[in-house]
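**Q** I would like to see how this sequence folds:
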Amino acid sequence: MKEIPQISEAEYEVMKVIWNNEPISTPEVVEKLSNKSDWKPNTIHTMLARLVKKKALHARKDGRVFIYTSLVEKHDYVEQKSKSFLQQFFGGTLHSMVLNFIENDQLSKEEISELKNILSMRDKKEGGK
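**A** Predicted structure coming up:
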């Protein structure tokens with residue numbers, strides 16, 4: 001997996017808009033983010049510029065606007081953040097996290113059932129390995 005830049009929570013909101021709509025122009029990004037946040041256009045422009053500088057986005061000039069496409073795959077970013085979260089809080093092990101949720105009664109019966117189904121389907125898919 002290639003090096004993934006550090007992306008702040010606010011920048012992640014911008015990235016989600018890009019991932020869901022790319023290629024997308026600056027005015028479209030501003031419109032979509034303005035509809036779901038109270039960010040001013042200048043704030044959004046600044047975050048777009050930061051993401052380009054971090055090499056998370058590619059910007060191509062098209063007339064008077066920029067068109068953005070991602071240089072970071074959403075799947076890769078989520079995978080990296082998940083591993084980082086597990087390492088930081090649970091020593092890198094998934095079972096420690098799940099055990100923590102179970103021991104602290106943070107999983108409903110429905111969620112436990114869903115986990116069992118996912119594991120069962122995975123087991124069948126792998127031929128019971």
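
**Q** Let me see the domain layout of this structure.
**A** Using automatic domain parsing, the domains assigned to the chain come out as 9-70, 74-125.

**Q** Report the separation between the residue nearest to residue 29 when sequence neighbours are not counted and residue 125.
**A** By the measure of CB to CB, 6 or more residues apart in numbering, the closest residue to residue 29 outside its immediate chain neighbours is residue 17, 5.6 Å from it. The C-beta positions use only the backbone N, C-alpha and C, and glycine is treated the same way. Look at residue 17 and residue 125: by CB to CB, to the nearest Å, they are 33 Å apart.

**Q** Of those two, which one has the most company?
**A** Using other CB atoms under 10 Å as the criterion, residue 17 and residue 125 rank with residue 17 on top: 20 against 9.

**Q** What strand or helix carries that one?
**A** According to DSSP states H and E, residue 17 maps onto helix 9-21.

**Q** What lies in contact with whatever helix or strand comes next after that helix?
**A** Next in sequence after helix 9-21, counting helices and strands by DSSP H and E, comes strand 24-25. Contacts of strand 24-25 with the rest of the structure, by CB atoms under 8 Å, 6 or more residues apart in numbering, involve 17, 18, 32, 62, 65, 66, 67, 68.

**Q** Tell me the most packed of those residues, by neighbour count.
**A** Neighbour-wise, the contacts of strand 24-25 (other CB under 10 Å) top out at residue 68, 26 neighbours.
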